[in-house]
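Peer 1: Structure here, sequence nowhere to be found:
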């Protein structure tokens, strides 16, 4: 072996490990098939105070529904989240996957680059370099998945808060309308 050839092999092995680490798959965010979001609470219970018959109660309830929907922009009979707005985080490989793959790949490359007399030493150096790169990739993958999940959780919380606020406004509008027509509302 020529002087300095070990260093050249080490540099080539590390470069090859970086190339392989860049090929690691990442978690992704993808649309979810339509799974209904539980509807917000919009029930309003009312009782006639002026002996309104069933027909009048139905008419008043429907007219108050239309009025409350117009006032609040909220329709309790409409789906609250369109299917194209739903998403989920799909997990990637288990933690440690990239570390193991990096170590094995590094050992193979190091063994080949070490030559016939230094293949064992090359395999050990390659395995350590590959494991370090793989561990770095594992950490990045876990951080990306945690970040994606935090984003999904935040969006879900905001969406649910907004829908629940609109539902609350709708209930108040329905209550006001029905009370104005002579009903007791609970």
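Peer 2: Received the coordinates, thanks. Worth saying up front: this structure is predicted, and the values here are computed from it rather than measured. Residues are numbered from 1 along each chain as shown.

Peer 1: and the closest residue to residue 44 other than its chain neighbours, what is it in contact with?
Peer 2: In space, and not counting its chain neighbours, residue 44 is closest to residue 174: 4.5 Å by C-beta to C-beta, 6 or more residues apart in numbering. Where you see a C-beta, it was placed from the backbone N, CA and C, and this is true even at glycine. By C-beta atoms under 8 Å, 6 or more residues apart in numbering, the contact list for residue 174 reads 42, 44, 64, 65, 68, 185.

Peer 1: tell me which element residue 174 falls in.
Peer 2: Assigned by DSSP states H and E, residue 174 belongs to helix 119-180.

Peer 1: which secondary structure elements does whichever helix or strand comes after that helix contact?
Peer 2: Next helix or strand after helix 119-180 toward the C-terminus (DSSP H and E): strand 183-185. Helices and strands touching strand 183-185, as assessed by 3 or more C-beta pairs under 8 Å, 6 or more residues apart in numbering; DSSP states H and E, comprise strand 46-48, helix 119-180.

Peer 1: List the buried residues for strand 183-185?
Peer 2: Neighbour-count burial for strand 183-185 flags residue 183 (criterion: 16 or more other C-beta atoms under 10 Å).

Peer 1: Direction included, what does that strand pair against?
Peer 2: Applying DSSP bridges to the sheet, strand 183-185 is found paired with strand 46-48 (antiparallel).

Peer 1: Identify all contacting residues around the partner strand.
Peer 2: For strand 46-48, contacts defined as C-beta under 8 Å, 6+ apart pick out 56, 57, 61, 178, 182, 183, 184, 185, 186.

Peer 1: how about a cut-off of 6 Å?
Peer 2: Identification of contacts with strand 46-48 by C-beta atoms under 6 Å, 6 or more residues apart in numbering yields 178, 183, 184, 185.

Peer 1: which one among the residues you listed gets closest to residue 105?
Peer 2: For these, the minimum distance to residue 105 (C-beta to C-beta) is 69.2 Å, reached by residue 185.

Peer 1: Now do the closest one, the pLDDT please.
Peer 2: Per-residue confidence (pLDDT) for residue 185: 89.

Peer 1: ok, now residue 159?
Peer 2: 72.

Peer 1: follow-up on the earlier one: how about TSV for the helices and strands packed on strand 183-185, with distance to residue 74 added?
Peer 2: What follows is those, written out as TSV (distance: least, C-beta to C-beta, whole Å):
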stretch	distance to residue 74
strand 46-48	18
helix 119-180	4
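
Peer 1: What ranges in the chain fall below the confidence cut-off?
Peer 2: Residues of the chain that meet the criterion pLDDT under 70 lie in 1-39, 80-93, 114-118.

Peer 1: Kindly recompute the last result at 90.
Peer 2: Residues of the chain meeting the criterion pLDDT under 90: 1-46, 74-168, 185-186.
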